[in-house]
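Visitor: sequence first, then the predicted structure:
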Amino acid sequence: MNESRLFELIEKEANHDLSPDEEAELKRWERRSGGNAKQVAQLRAIFERSEPVVPHLERDEVDRAWQGVAVRTGIDQERGLRGPSRRFVWPLAAAAGIVGLALGIVTLLTPGGKMETAEAARGETRTITFVDGSTVRLNADTRIRYHVRGNGKREVILDGEAYFNVARDESRPFVVRTDHASVEVLGTQFNVWSRGTSRVAVKSGRVAVWNPEETRESARELLPDTRIDCTDGGCDDAPSPIDFGATLGWINGRIVFQDATLADAITELERIYDAHIEVRGEGIAGRTISGTFEKKAVSTILDQVCVSLDLTLTIDSSRFIISP
């Protein structure tokens, strides 16, 4: 869901104008990740605080207020913000007492600069090249916000999975942030997976990782072919060895499962192929599967999975059904 649509739904919810379909759409997006839920909660809280204290403003008053915010933040007054309406942004800024909306959706970092957004939808991957020469490959159903300038700050906020190849710069660390991990490098190649929990795996160079609730001084150092997992409770005490060939299967056109439950494997296949897959039968979703599959048609992959688990695959219109 893009920023414009999210602002629209939150605004309608606050005004009790959500249709049943829109309410369902918002709930689905909110449940997709902890980061999404946090963004929605922050928006709701700020909007609720704004209503009682912000009086009704006539259009010319709103325009004058908007111009004031634009001057202080460096927003292009002609383009404005893509998504939220002026009447929505102004009470938020006034009530919260902030120049930018530091919500991870529209983040104004400095006058004249803001975080940009890139995403890969379900069923696709995408590569982004930054001005400093670094690249990031986005896996399916992944979104990043970034501020990478030629001679300034280098920071990326990730929701999903991405592979980074960072151009070395001793004077400017490259930082990747997720809900559960902060990752700092000078120049290296590494993969970050962030869906509910976070996992950082290093291919080359050195990487420092710490939990956002910790200080930078507590960072764990990762070397090539090691990984570390981070959750709400913190990061692992020490890195673990990892098969990086399996970790990067998605980049090389392979789908790799290592002791994955069928439920988790199906979730990943739905992201990769933007498909609808159902599992029917008690206890089936908890079965585990390991294997490497070439990225062919989803029906071919599912047929191979079902053969390995002695299950049956049925195709019903656009749905794939797995059953005993």
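Guide: Cool, got the structure.
Visitor: contacts and neighbour counts: CA atoms only from here.
Guide: Will do.
Visitor: from residue 178, how far out is the residue nearest in space to the middle of the chain?
Guide: The centre of the chain sits closest to residue 159, judged by Cα atoms, centre = their mean, with a distance of 1.4 Å. Distance, residue 159 to residue 178, by Cα to Cα, to the nearest Å: 7 Å.
Visitor: any common contacting residues for these two?
Guide: Contact criterion Cα atoms under 8 Å, 6 or more residues apart in numbering; residues shared by residue 159 and residue 178: residue 194.
Visitor: can you list the low-confidence ranges for the stretch 1-150 of the chain?
Guide: 2-4, 45-113, 150 (pLDDT under 70).
Visitor: could you identify the longest strand within this structure?
Guide: In the chain, assigned by DSSP state E, the strand with the most residues is strand 154-165.
Visitor: next secondary structure after that strand?
Guide: Counting by DSSP states H and E, the next helix or strand C-terminal to strand 154-165 is strand 174-177.
Visitor: which element is the nearest residue to residue 246 once chain neighbours are set aside on?
Guide: Excluding its sequence neighbours, the residue lying closest to residue 246 (Cα to Cα, 6 or more residues apart in numbering) is residue 256, at 6.0 Å. Element membership for residue 256, per DSSP H and E: strand 254-261.
Visitor: for that strand, packing partners?
Guide: strand 288-294 (3 or more Cα pairs under 8 Å, 6 or more residues apart in numbering; DSSP states H and E).
Visitor: 10 Å instead?
Guide: helix 244-247, helix 262-273, strand 288-294 (3 or more Cα pairs under 10 Å, 6 or more residues apart in numbering; DSSP states H and E).
Visitor: deepest-packed of those, please.
Guide: helix 262-273 (a mean of 18; mean count of other Cα atoms under 10 Å).
Visitor: alpha carbons only: can I get that one in PDB?
Guide: These are the backbone C-alpha positions of helix 262-273, laid out as PDB (Å, rounded to 0.1, in the frame of the first residue of the first chain):
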ATOM      1  CA  LEU A 262       4.700 -26.000   5.000                       C
ATOM      2  CA  ALA A 263       2.900 -22.900   6.200                       C
ATOM      3  CA  ASP A 264       6.100 -20.700   6.000                       C
ATOM      4  CA  ALA A 265       7.000 -22.200   2.600                       C
ATOM      5  CA  ILE A 266       3.500 -21.400   1.300                       C
ATOM      6  CA  THR A 267       3.800 -17.800   2.600                       C
ATOM      7  CA  GLU A 268       7.000 -17.300   0.800                       C
ATOM      8  CA  LEU A 269       5.700 -18.800  -2.500                       C
ATOM      9  CA  GLU A 270       2.700 -16.500  -2.300                       C
ATOM     10  CA  ARG A 271       5.100 -13.500  -2.100                       C
ATOM     11  CA  ILE A 272       7.300 -14.800  -4.900                       C
ATOM     12  CA  TYR A 273       4.500 -15.600  -7.300                       C
END
